[in-house]
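Participant: A structural model of the following input is requested.
(chains A and B)
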Amino acid sequence: MTVQLLQGNNACAMGALAVGCRFYAGYPITPSSEIAEFLSRELPKLGGKFIQMEDEIASIAAVIGASVGGLKAMTATSGPGFSLMQENIGYAIVAEIPCVVVNVMRAGPSTGLPTSPSQGDVMQARWGTHGDHPIIALAPASVREAFDLTVAAFNFAEKFRTPVIVLMDEVVGHMREKIVLPELGPTDIVKREMPTVPPEWYEPFGNPVSDVPALAPFGEGYRYHITGLLHDPRGFPTERLDEIQPWIERVFRKIDRHLDEICMWDEDGVEDARVLVVAYGATARSAQQAIRIARARYGRKVGLLRLKTLWPFPEAAVERAAANTQRVIVPEMNLGQIALEVERIVGRGKVIRVGRADGHIVTPDEILDAMRVPLTQPVTVPSRALERYREGAQ
Amino acid sequence: MKRHDQGTYEYLRHHKKFPHVWCAGCGIGIVMGSLLRSVQQLELAQDDVAVVSGIGCTGRMPAYMDFNTLHTTHGRALAFATGLKLARPEMTVLVIMGDGDALAIGGNHFIHAARRNIGLTAIVVNNSIYGMTGGQTSPTTPLAALTATAPYGHIEPSFPICDLAMAAGASFVARSTVYHAAELDKVIEQAMRNKGFSVVEVVSYCHTTFGRVNNMKSPIQMMRQLKENSITVQAAEKLGDELPEDKIVRGVFRDEEKPEFTELYDQVIEQAHGPLPPRKRTVRRGWF
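Facilitator: Residues are numbered from 1 along each chain as shown, chains lettered A, B, ... in the order given. Now for the predicted structure:
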C-alpha cells in the first residue's frame, strides 16, 4: 500500500488495468487524453493492445470489435467525441457487447469551452443514442473514486453485457489527490460468463434464467451471428413480434432486476435533514463544503445525497432521502439535467436548481445561497427562485 | 451434382437463414460463392474465420455464412474488424462492404486501414448505387447516370476504389467482376493469402434500382456489360494510352510484402518490457 499523488485520468486508467482491461482504442481530445497516453505506455507491458484510431466513431467500433474478440475493452473521450460515439454505443446495447466509455466532460455544446469543466453530458449519456434502451452511467467525485468506479464500470459491463459510461468531469479528470490504491482480489473482478453448453445449443442472445446470456468470444468454436438489427436468441435478424418483444423486455429487465447493485450513492446527515442537497461529481465536493459551513456556522440541518450512479437513476434513494425534507437543492454544472430527475421524484415545488453552464464549478457559496431561500417560500418556478436569491446575494 | 456434394454447402447456414434478402439476379450471391470457395481452397477452419460487414445489401451477406459473423453499423465494418483483428490476430478476418459503405460513410476508415496495412481482407462489392435504400447516388455512380437523388443526371466524378486503396498503402489491390466468377475465386484467394491489408473491388450491378432507370432492366443486360466492357490488366497495358476511359480493368494491381500492423504491434509488446526508447531520436519524415 503506497501513497501516490495521482490525477483522476491516471487513476481511471489504472483502475481499468487493475480490473483486466487489455484493449484501448481512442482519439485524442482534451481533457481525456492522459488516459490514452497512460494506456499506450502501460497496456503493451501487460500484453494488451492500444490503438489510436482515425476518429471517435472508429474508436468505439474497434473497442466493440476487440470485446467480441474476448478482451475487456474501453475508450475515453470528451463531449464532441462522445457525440460521435453514440450510434455505436447503441450497437453495443443491441448486440450486448461489454465495453466501457469514459467521458471526461467539458463545457459544450459543440467545441464549447475547451476545456473548462462541465456536467453537461448527463442527458446525452442517458439518451444520446437513438431508440429506447437501458444504460448504466457512473460519476466519480474524487481521484480514488475515478479508480473505483472504473473498476465498477468494467464489472457491470461484463456482468450485464452492456456498455457502461463513466461520466467524469474535467475537475475530477485533472485534479491531483494523494490516494492509496487498493489491491483487487479475484472477487473484485467480474468476467463475462462463458457458455458451458456445446456450440449447437448455444444461444448468444437468450437466457431465460438470469437474463444475461453467456458470451463466447469469436474464434473459440461457437460460431454465431452478431447484428445491430433486432434479433432472435440465435442472433439472426427478426421482425416477429413474439421474438422482438421478449428481447426488448429482457434487455431492460437485466438492468432493472439489479438496481440495488447498480445504484450507488453516499449519504451524509440525511436522516434528520430539513434541506437536502443532491449532487454528483466535482459539484458534490462543493456541496460537501457548503454543508459543513451550514452546519458549523448556522447550525442548519442539512444533508447530502451524493450520487455515484446517475443512470439508472437511483429513484429509491432520492425518494427516501427527500421524504422528510422541505427543500431539495440540486447543484450541477449544467442548467438542470439531474434536477429534472429529482423534480420528477420529489415534485417541482421542492427543488431549487443551482446550475451553471459557463465552464465554472458551482461554488459552495452558491449552494449556501440556495439554502438561504426561506423554507416557507414556495419554489413554484425554480429558475425564477434562483434569480431571486442571486439578486439577494449580490 | 447434388447440393450436398458441392464443397461450399457446409459453409452455409441452412436453418432459418434462407431464402436470402437479395433480388433475383443480384450479383452479391456470386461474390459470396467466390468467398466460400476461397475459404475452402485455403482449407481454413470455420472457427478461425470471421466475417465482418457494414450496412446495405452487401452487409447482409455474413448472416448466411457459417463463420464468426459480425454485422455492424453503416460504414464502420473496417473499424470493428480492426479491433477484432488486434484481439485475435490469428483469425482470418474478412470485411464485406458495399461501395457506399466503404467509400462514403466509411471512407475514412478505408484509407486508414490501408495506411496501417492491418491484416484484413476487404471486399468492396461495387454496384455503383445505394440499392437497399432505393437507388440513390453513391460515390461510385458513373457520370451522367440517373439515380433517385440525381434525377437530372449525376454530375460528380466517381471514386477509383483501387487507385485510392493503393495510394493509401494497401499491400494487395485487385479488381474483378461478378461475371468473371472463376477469376474472382482466384483473386479473393490470393487476397486472403496476403498478410497485410488486401482490397478486392468486385464490380457488380443493381438492375433493380440502377438498371431500371438507366435502360438496363434485366440482370442479363448488366452482366453482358460487365463482360463486354471489361479488360484484363495485361491487355490494358498493351493498349497503353489507347485504353478507353470507361473500361473496367480487371486483375491484380499490387501484391507486395509489407510489415503487417498486428505483427508490428507484437514487436511493440516485446519492446514495452524493456525501457522506453531514448527521447532524442532521428525520425525521418516524408513518404515511406
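Participant: tell me how far stretch A:285-302 is from the chain's mean position?
Facilitator: Here the centre of stretch A:285-302 is set off from its chain's centre by 27 Å, with Cα atoms, centre = their mean, to the nearest Å.
Participant: same question for that stretch, mean pLDDT?
Facilitator: Average pLDDT, stretch A:285-302: 96.
Participant: For that stretch, list every residue counted as buried.
Facilitator: Buried residues in stretch A:285-302, counted by 16 or more other Cβ atoms under 10 Å in any protein chain shown: A:285-288, A:290-291, A:293-294, A:300, A:302. Bear in mind the C-beta positions are built from the backbone N, C-alpha and C, glycine included.
Participant: same deal with stretch B:175-182?
Facilitator: Residues B:175-180 are the ones in stretch B:175-182 that count as buried (16+ other Cβ under 10 Å).
Participant: Next: stretch B:40-52.
Facilitator: Of the residues in stretch B:40-52, B:40, B:44, B:47-52 count as buried by neighbour count, 16+ other Cβ under 10 Å.
Participant: Measure how far that stretch is from the centre of its chain, please.
Facilitator: Worked out by Cα atoms, centre = their mean, stretch B:40-52 lies 17 Å from the chain centre.
Participant: anything in it sitting right up against chain A?
Facilitator: Yes: using Cβ under 8 Å from any Cβ of the partner chain, stretch B:40-52 reaches chain A at B:46-48, B:50, B:52.
Participant: how about the residue nearest the centre of chain B, secondary structure?
Facilitator: By Cα atoms, centre = their mean, chain B has its centre lying nearest to residue B:123, at 1.6 Å. Assigned with DSSP: H, G, I helix; E, B strand; the rest coil, residue B:123 falls in the strand class.
Participant: I'd guessed it sits against residue B:35; true?
Facilitator: Yes: applying Cβ atoms under 8 Å, one finds residue B:123 in contact with residue B:35, separated by 6.9 Å.
Participant: so what sits against both of the two?
Facilitator: Taking Cβ atoms under 8 Å, 6 or more residues apart in numbering or on different chains as the contact rule, the neighbours common to residue B:123 and residue B:35 are B:94, B:96, B:188.
Participant: Out of these, which is nearest to chain A?
Facilitator: Nearest to chain A among the shared contacts of residue B:123 and residue B:35 is residue B:94, at 12.3 Å by Cβ to the nearest Cβ.
Participant: Neighbours of residue 266, how many?
Facilitator: Here I'm looking at chain A. 16 (other Cβ atoms under 10 Å in any protein chain shown).
Participant: Hmm, no, I was thinking of chain B.
Facilitator: Residues near residue B:266, counting by other Cβ under 10 Å, number 15.
Participant: With the one 3 residues further on instead?
Facilitator: The number of residues packed around residue B:269, counting by other Cβ under 10 Å, is 15.
Participant: how about the nearest residue to it, chain neighbours excluded?
Facilitator: residue A:44 (4.5 Å; Cβ to Cβ, 6 or more residues apart in numbering or on different chains).
Participant: and the gap between the one you found and residue B:112?
Facilitator: Using Cβ to Cβ, to the nearest Å, residue A:44 is found at 20 Å from residue B:112.
Participant: show me what contacts residue 159?
Facilitator: Went with chain A since none was named. A:190, A:192, A:212.
Participant: hm, I was asking about chain B
Facilitator: B:99, B:103, B:107, B:139-140.
Participant: try residue A:161
Facilitator: Residue A:161 makes contact with A:96-98, A:192, A:212-213, A:215, A:254, according to Cβ under 8 Å, 6+ apart.
Participant: ok so, going back, with respect to residue A:78, which of the residues of stretch B:40-52 next to chain A is nearest?
Facilitator: residue B:52 (28.2 Å; Cβ to Cβ).
Participant: Sketch out the strands for the stretch 1-150 of chain B, chain order is fine.
Facilitator: Taking DSSP state E, counting those that start in this stretch, the strands of the stretch 1-150 of chain B run over residues B:49-53, B:68-71, B:92-98, B:120-126.
Participant: Can you get me a residue count around residue 127?
Facilitator: Let's take chain A. 14.
Participant: if you could check chain B rather than the one you did, that'd help
Facilitator: Neighbours of residue B:127 (other Cβ under 10 Å): 30.
Participant: Next: the one 10 residues further on.
Facilitator: Look at residue B:137: counted by other Cβ under 10 Å, it has 21 neighbours.
Participant: With the one 10 residues further on instead?
Facilitator: Residue B:147 has 21 neighbours, counted by other Cβ under 10 Å.
Participant: tell me the pLDDT at the nearest residue to it once chain neighbours are set aside?
Facilitator: Excluding the flanking residues, the one nearest residue B:147 by Cβ to Cβ, 6+ apart is residue B:137, at 4.5 Å. Residue B:137 is assigned a predicted lDDT (pLDDT) of 97.
Participant: Now do the contacts for residue B:137.
Facilitator: B:129-130, B:147-150, B:154, B:156.
Participant: Could you work out the most separated pair of the residues you listed?
Facilitator: B:148 and B:156 (15.0 Å).
Participant: what about the two, which has more around it?
Facilitator: Between residue B:148 and residue B:156, counted using other Cβ under 10 Å, residue B:148 has the larger neighbour count: 15 against 11.
Participant: Look up how far residue B:105 lies from that one.
Facilitator: For residue B:148 relative to residue B:105 (Cβ to Cβ), the value is 17 Å.
Participant: Over to residue A:369?
Facilitator: Noted for residue A:369: a distance of 49 Å to residue B:105, by Cβ to Cβ.
Participant: So which residues on the stretch 101-250 of chain B come close to chain A?
Facilitator: So far as Cβ under 8 Å from any Cβ goes, the stretch 101-250 of chain B lies against chain A at B:108-109, B:112.
Participant: Most neighbours among these, please name it.
Facilitator: Neighbour-wise, these (other Cβ under 10 Å) top out at residue B:109, 30 neighbours.
Participant: For that residue, which residues are in contact?
Facilitator: A:54, A:58, A:61, B:75-79, B:82.
Participant: do that again at 7 Å, thanks
Facilitator: Going by Cβ atoms under 7 Å, 6 or more residues apart in numbering or on different chains, residue B:109 touches A:54, A:58, B:75-76, B:78-79.
Participant: wait, which of the residues you listed is closest to residue A:277?
Facilitator: The closest of the contacts of residue B:109, once distances to residue A:277 are taken by Cβ to Cβ, is residue A:58, at 40.8 Å.
Participant: so where's chain B uncertain?
Facilitator: B:1-6, B:286-288 (pLDDT under 70).
Participant: What are the boundaries of the helices in it?
Facilitator: Counting by DSSP state H, chain B has helices at residues B:28-41, B:77-87, B:99, B:107-116, B:161-168, B:181-193, B:219-228, B:233-239, B:261-272.
Participant: so can I have a markdown table of the contacts of residue B:159 showing neighbour count?
Facilitator: Compiled in a markdown table, the contacts of residue B:159 are given as follows (neighbours: other Cβ atoms under 10 Å in any protein chain shown):
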| residue | neighbour count |
| --- | --- |
| B:99 | 28 |
| B:103 | 22 |
| B:107 | 16 |
| B:139 | 19 |
| B:140 | 23 |
